[in-house]
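Chemist: Sequence first, predicted model second:
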Amino acid sequence: MSATVDQEKTGLGNYFIANYPPFSAWSSSQIPNALQALNAKPKPDTPLGLYLHIPFCRKRCKFCYFRVYTDKNAKEIETYLDALVKEVQLLSRSAVIDNRPLHYVYFGGGTPSYLSAQQLRDLMTRLREIFPWDQAKEVTFECEPGTLQKHKLETLREMGITRLSLGVENFKKEILQFNGRAHLEEEIYRAYGWARELQFPQINIDLIAGMVGEDWENWRRNVQKTLELAPDTVTVYQMELPYNTVFSKEFRIIGQDESIGAVADWPTKRAWVAYAFEEFEKAGYIVTSATTAMKNRETQFVYRDALWSGADMFGTGVASFGHIHGVHMQNVDTWEAYIEKLNRDEIPIGRAYTLSAQELFTRETILLLKKGYLKRDYFLKKYGKDIMVEFAPQFQELKGMGFLSTTTEGVQLNREGLIQIDRHLPIFFEIQYRGTRYT
Ligand code: SF4
């Protein structure tokens, strides 16, 4: 098999670029820098966000690589939520807040909707006493459709959730089951109906192109069914196979085999995303990044935009990622270590990385390119650097591949370039980070 064909297969390893420099460069030796950053004066006009990791799920999806637990009892969940509240309390004393209200809040997972209505009410009441989010532009809550009941959604609405993100992924029962998803198709419709009835300001649907068992006919149906629901935003991921998933382990043993099931190759997944985007556009949606389509120009995704343009964010919960005052930080990544540190009233950071001015500039260039364009003026004002000069060879390379065009105002990716931009982003990395394992 030729190298090109091999590269186009869905091999093991992470594909998407969520941050820069890669996580493998972060280390525990930089924890003191993280603590210092928490007590620095914030940079002017930097929004502040709060991410909360709720690491519980009904079962583990076979493609999942997040830190999640499927075996915790009610007592243990209570212990975790107490620790989480304690962490938020400790962080709320940081000088870096400097009276800034929260600009955005994000409950991610795991499955935040795994918690009961009562647990959510208690948790959110305690959190809001410490850190009110009334002024936040967006409060997102991730849901697994099968865990929702109407009264749980009523609680969320009451607690100020503005954006509900439904992990639909696929509508077909067999595909959901084979990939280890816990929900059923009818649960999607039921949850969506309640969410609309309760008038959540924004509902997002997540889809994954390339779940094992996917084919063109079913993918078209997925897109059609999504359009019929008419969500405010749709996020379409391309299935990847990071090292520590159930599928990766299975495939390592048996190899990917069409007769058993395999993940479609990258060109097929890209064709599915391209098809989905075209259909959404026909229905009036606007594609606003490599993964997102939005109903109209007024629709926003505050968390993504803030994160990608260098906002501060407290990342709370086990193994969570945050970014404060130019320093990346990740919490300790085991249950025991997380609970233990909070029992000792310690901020549970496990590794950190202080970015240089150049790295901050590169990070923002890389992340914003995932939106499909870069504005020269924006970077000149913010960093005093001209992207057209700093990244001239990289833009030239993308141009040569037929993915990018340049004007005096900046650069623009075409659709083909946009939906595969993640695999080309390493050309922007400093030399020592190219080819490193991403995690
Ligand atoms: S629901 Fe999400 S976090 Fe939970 S196992 Fe599945 S993919 Fe992972």
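Modeler: Cool, the structure landed. Just so it is clear, the structure is predicted and the values come from calculations on it, not from any experiment. Residues are numbered from 1 along each chain as shown.
Chemist: distance of E281 from K295?
Modeler: Counting by Cβ to Cβ, to the nearest Å, the gap from E281 to K295 is 11 Å. Yep, even glycine has a C-beta here, placed from its N, CA and C like the rest.
Chemist: Please pull out the lowest mean pLDDT helix or strand from this protein.
Modeler: helix 3-8 (a mean of 55; mean pLDDT, DSSP states H and E).
Chemist: More neighbours: E281 and K295, which one.
Modeler: When E281 and K295 are compared for neighbours, K295 comes out ahead with 18 against 13, by other Cβ atoms under 10 Å.
Chemist: wait, doesn't that one sit right on G284?
Modeler: Yes - using Cβ atoms under 8 Å, K295 makes contact with G284 at a distance of 7.1 Å.
Chemist: where does the stretch 201-350 of the chain have low pLDDT?
Modeler: Residues of the stretch 201-350 of the chain meeting the criterion pLDDT under 70: 252-261.
Chemist: What residues sit buried inside stretch 15-34?
Modeler: For stretch 15-34, the neighbour count (16 or more other Cβ atoms under 10 Å) marks 15-17, 19-23, 25-26, 30-31, 33-34 as buried.
Chemist: Which ones among those lie within helices?
Modeler: Judged by DSSP state H, helices contain the following of the buried residues of stretch 15-34: 31, 33-34.
Chemist: doesn't K62 make contact with N179?
Modeler: Yes - between N179 and K62 there is a contact at 5.4 Å, judged by Cβ under 8 Å.
Chemist: Can you tell me how far the residue of the stretch 301-439 of the chain found nearest the ligand is from I349?
Modeler: Taking Cβ to the nearest ligand atom, the ligand has its nearest neighbour within the stretch 301-439 of the chain at A319, 11.8 Å off. From A319 across to I349, the span is 11 Å (Cβ to Cβ).
Chemist: Was I right to think the residue of the stretch 301-439 of the chain closest to the ligand contacts H53?
Modeler: Yes - the pair A319 and H53 qualifies as a contact (Cβ under 8 Å) at a distance of 6.9 Å.
Chemist: Between those two, tell me which one has more neighbours.
Modeler: In this view A319 and H53 are compared by other Cβ under 10 Å, and H53 has more residues nearby, 24 against 20.
Chemist: quick one: the nearest residue to T354 once chain neighbours are set aside from the ligand, how far?
Modeler: Spatial nearest neighbour of T354, excluding adjacent residues (Cβ to Cβ, 6 or more residues apart in numbering): N33 at 4.6 Å. Here N33 is placed at a distance of 30 Å from the ligand (Cβ to the nearest ligand atom, to the nearest Å).
Chemist: got a list of what N33 touches?
Modeler: N33 makes contact with 327, 352, 354, according to Cβ atoms under 8 Å, 6 or more residues apart in numbering.
Chemist: Quick check: phi and psi on A230?
Modeler: When read as degrees, to the nearest 10, the backbone of A230 gives phi 60, psi 60.
Chemist: Look up the pLDDT of the residue nearest to L413 when sequence neighbours are not counted for me, please.
Modeler: Once flanking residues are discounted, L413 sits nearest to G372: 4.8 Å by Cβ to Cβ, 6+ apart. Looking at G372, its pLDDT stands at 98.
Chemist: what about G372, distance to G417?
Modeler: 8 Å.
Chemist: for Y104, same thing?
Modeler: As judged by Cβ to Cβ, Y104 and G417 stand 28 Å apart.
Chemist: ok, those two, which is more surrounded?
Modeler: It is Y104, of Y104 and G417, that has more neighbours when counted by other Cβ under 10 Å, with 26 against 21.
Chemist: For R93, see how far away the more buried one is.
Modeler: Taking Cβ to Cβ, one finds Y104 at 21 Å from R93.
Chemist: Which phi and psi values does A209 adopt?
Modeler: Main-chain torsions, A209, degrees, to the nearest 10: phi -90, psi 120.
Chemist: beta partners for it?
Modeler: With DSSP bridges as the criterion, A209 is bridged to Q238.
Chemist: contacting residues around it?
Modeler: 219, 236-239, 264, 269, 272-273, 276.
Chemist: again with Q135
Modeler: Residues in contact with Q135 (Cβ under 8 Å, 6+ apart) are 101-102.
Chemist: right, and the secondary structure at it would be what?
Modeler: coil (DSSP: H, G, I helix; E, B strand; the rest coil).
Chemist: could we number from 51 for the rest of this?
Modeler: That works, and once the first residue is 51, the last one we named lands at Q185.
Chemist: Nearest to V439, out of the buried residues of stretch 65-84: which one, please.
Modeler: In terms of Cβ to Cβ, no member of those lies closer to V439 than Y70, at 19.7 Å.
Chemist: Let me know the secondary structure of the residue lying closest to the closest one once chain neighbours are set aside.
Modeler: Once flanking residues are discounted, Y70 sits nearest to R413: 4.2 Å by Cβ to Cβ, 6+ apart. Following three-state DSSP, the label given to R413 is helix.
Chemist: per-residue confidence at R413?
Modeler: 98.
Chemist: cool, the one 5 residues further on as well?
Modeler: What the model reports for L418 is a pLDDT of 98.
Chemist: what element comes up after the strand or helix carrying it heading to the C-terminus?
Modeler: Secondary structure assignment for L418, by DSSP states H and E: helix 407-419. The C-terminal neighbour of helix 407-419 among helices and strands, as given by DSSP H and E, is strand 423-425.
Chemist: How about residues contacting the helix or strand that that next one is followed by?
Modeler: Using DSSP H and E, the next helix or strand after strand 423-425 towards the C-terminus is helix 426-433. With Cβ under 8 Å, 6+ apart as the test, helix 426-433 has contacts from 407, 410-411, 414-415, 435-438, 458-460.
Chemist: Make a PyMOL selection of whichever of these turn out to be buried.
Modeler: Those of the contacts of helix 426-433 that count as buried under 16+ other Cβ under 10 Å are selected in PyMOL with:
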select buried, resi 410+411+414+415+435+437+438+460
